[in-house]
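Colleague: Sharing a model prediction with you, sequence too.
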Amino acid sequence: MSESIDAAVIGLGPGGEHVAAQLAQAGLSVLGVEKHLVGGECPYYGCIPSKMMIRAAGALAEARRVPTLGGSVEVTPDWTTVAKRISDEATDAWNDQVAVDRLIDNGATFARGHGRLAGPGKVVVETADGTQEYDVQRAVVLNVGTEPAIPPVPGLAETPYWTNRDAVQVKNLPESMIVLGGGAIGCEIAQAFARFGVDVTILEVADRILGPEEPEASEVVAGAMADEGIDVRVGVDITRIDHTAGPGFTVSLGGGSVLSAGALLVAAGRRTNLSDLGLDTVGLDPSSRFLDTDEQVRAGDQLWAVGDITGKGQFTHMSMYQAEVAVRSILGKDGPWADYTAVSRATFTDPEVGSVGLTEKQARDAGIRVTTGSYSLPSSSRGWMHKTGNHGVIKVVADADRGVLVGGTTVGPSGGEMIGLIAAAVHAGTPVAKLRTMHYAYPTFHRAIENAINELEV
Ligand SMILES: Cc1cc2nc3c(=O)[nH]c(=O)nc-3n(C[C@H](O)[C@H](O)[C@H](O)COP(=O)(O)OP(=O)(O)OC[C@H]3O[C@@H](n4cnc5c(N)ncnc54)[C@H](O)[C@@H]3O)c2cc1C
Ligand SMILES: NC(=O)c1ccc[n+]([C@@H]2O[C@H](COP(=O)([O-])OP(=O)(O)OC[C@H]3O[C@@H](n4cnc5c(N)ncnc54)[C@H](O)[C@@H]3O)[C@@H](O)[C@H]2O)c1
């Protein structure tokens, strides 16, 4: 028999959890459906555990810089502390009871199971105890997120490779690791492991790591990683991957060379969980990579979608932003609606990469009359004083006709924080002329943004 409810949220990643809680608090009868862990990838396998690793690895790296600056330190990495922190503080040993209780305390009903659409306003949940049907009166919200994509490299599927989900649960580090993919996940985890003494090789098929970023950012991060002893190879052709108990993984490359390592991390992108969601029952294509959404993040009639599946940027802050939009839309508010002009992100390599809006290429492709400015961080006062660990570059992209910034990149020791200034300018459409009259505190890293802005032909 079908149960009647106001709203159902299928998939409880950061955005889905927020939507379910907010709608329940607003007085709607809400069902939250999660097949694995309430909170999704970010708290259990993504942002939070990876940033705990990075925090520890960063402390080790800073300690190793002491001899250049004043004194000596003996650095003895110990992964046990990191593994314990991830298990105890971040993930509760991969137990989501606290999150489930929070959802229920907010007034929602929770079902642990696989949710599917079964036609407009109909949701079916497959649980361990059987199947339950729901008639949803007002809103179905999809927040089903992604899985690691496993590339079709011959032999790979038969090996005990890791994804990010395994890497964050590692109790004992391997002596060596090959990372497939030099995107954000690959680079962040590679550098963290390397700083704990793992011999790391990154294999990237494209011609540079961190492909979505400005080429200047990729170059600086690749250089910093190489300085630390990470073997970064781009433009590789991987022909086969094997695993045997003794030597571990062997990766054969075009041209005949073979690499080996004790562990292999696949960080080659993500696959959205849209194929087994009953999308066809509401007239949508189950084979599509992303769901098209309008400014109210509606994907159809009484159907909303938030998070990675919308293709607007696979970030926790995007999922939360869209969740707020969905809640306003479902509750019949007047907006504000989704705007993606100034989406920002931070990649937590060292140096960190902050970025917002359009890259130079994206701006040119959009037909904008582009002018750019850049400044090398080690040439800035603060970068020069900082000395060791001062890798970095600032780049700003402006619309020469409108006299405003349309994008920017801040690579440096606090690149993820520095981007806030440019993000505010892009978001608000602050004239470059106004930015030129701002006070930039001396001697901050962000003063280098002023140098870059002064190069713009605006
Ligand atoms: C290693 C790593 C590091 C990252 N670091 C950052 C970072 O520093 N900053 C940042 O902003 N982002 C980061 N991200 C990205 C971030 O984790 C995601 O963008 C974020 O989790 C938002 O995803 P989402 O809301 O789309 O859903 P997800 O978090 O993917 O959650 C979707 C949920 O839906 C469930 N589900 C799927 N299908 C069904 C179904 N049919 N029925 C029921 N439940 C279902 C899944 O089990 C899952 O719990 C990182 C990701 C990874 C992997
Ligand atoms: N700090 C952050 O905000 C943060 C951190 C991690 C992840 N994320 C999010 O998660 C998403 C996924 O991250 P990701 O790094 O897995 O994906 P990605 O798509 O950014 O990078 C994957 C990389 O793997 C390469 N690749 C593909 N197939 C390959 C193969 N067979 N061999 C070698 N390389 C191959 C691609 O060319 C690409 O450079 C990102 O888009 C990002 O939005 C965000």
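Modeller: Received the coordinates, thanks. Source: prediction; values computed, not measured. Ligands and ions are numbered 1, 2, ... in the order given.
Colleague: mind checking how far stretch 229-247 is from the chain centre?
Modeller: Counting by C-alpha atoms, centre = their mean, to the nearest Å, stretch 229-247 is centred 24 Å from the centre of its parent chain.
Colleague: what residues does that stretch touch?
Modeller: 153-156, 158-161, 180, 182, 190-191, 194, 199-209, 222, 225-226, 249-255, 260, 264 (C-beta atoms under 8 Å, 6 or more residues apart in numbering). The C-beta positions use only the backbone N, C-alpha and C, and glycine is treated the same way.
Colleague: Buried ones from the residues you listed, can you make that a PyMOL selection?
Modeller: Per 16 or more other C-beta atoms under 10 Å, the buried members of those correspond to this PyMOL selection:
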select buried, resi 153+155+156+159+161+180+182+190+191+194+199+200+201+202+203+204+205+208+209+222+225+249+250+251+252+260+264
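Colleague: In strands, which of the contacts of stretch 229-247 appear?
Modeller: Counting by DSSP state E, the part of the contacts of stretch 229-247 found in strands is 180, 199-204, 249-253, 260, 264.
Colleague: can I get the residues you listed in JSON lines with pLDDT and distance to T359?
Modeller: Shown next, in JSON lines, are those (pLDDT from 0 to 100; distance: C-beta to C-beta, whole Å):
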{"residue": "L180", "pLDDT": "98", "distance to T359": "24"}
{"residue": "D199", "pLDDT": "98", "distance to T359": "33"}
{"residue": "V200", "pLDDT": "98", "distance to T359": "27"}
{"residue": "T201", "pLDDT": "98", "distance to T359": "27"}
{"residue": "I202", "pLDDT": "98", "distance to T359": "22"}
{"residue": "L203", "pLDDT": "98", "distance to T359": "24"}
{"residue": "E204", "pLDDT": "98", "distance to T359": "18"}
{"residue": "F249", "pLDDT": "98", "distance to T359": "34"}
{"residue": "T250", "pLDDT": "98", "distance to T359": "36"}
{"residue": "V251", "pLDDT": "98", "distance to T359": "31"}
{"residue": "S252", "pLDDT": "98", "distance to T359": "34"}
{"residue": "L253", "pLDDT": "98", "distance to T359": "29"}
{"residue": "S260", "pLDDT": "97", "distance to T359": "36"}
{"residue": "L264", "pLDDT": "98", "distance to T359": "31"}
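Colleague: Out of those, just show me the ones up against ligand 2, please.
Modeller: L180, L203, E204 (C-beta under 6 Å from any ligand atom).
Colleague: In contact with the nearest residue to G13 once chain neighbours are set aside, which residues?
Modeller: Nearest residue to G13 in three dimensions, chain neighbours excluded: G40, at 2.9 Å (C-beta to C-beta, 6 or more residues apart in numbering). Counting by C-beta under 8 Å, 6+ apart, G40 touches G11, L12, G13, P14, G16, E17, G46, N143, G145, G307.
Colleague: Could I get those in TSV, plus columns for distance to ligand 2?
Modeller: Converted to TSV, those look like this (distance: C-beta to the nearest ligand atom, whole Å):
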residue	distance to ligand 2
G11	16
L12	18
G13	12
P14	12
G16	17
E17	18
G46	7
N143	15
G145	10
G307	11
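Colleague: For the stretch 251-400 of the chain, what lies in contact range of ligand 2?
Modeller: For the stretch 251-400 of the chain, the contact set with ligand 2 under C-beta under 6 Å from any ligand atom comprises A267, A268, G269, R270, Q314, F315, R345, A346, T347, F348.
Colleague: Now do the helices in the stretch 151-300 of the chain.
Modeller: 164-167, 184-195, 215-227 (DSSP state H, counting those that start in this stretch).
Colleague: All set now, cheers.
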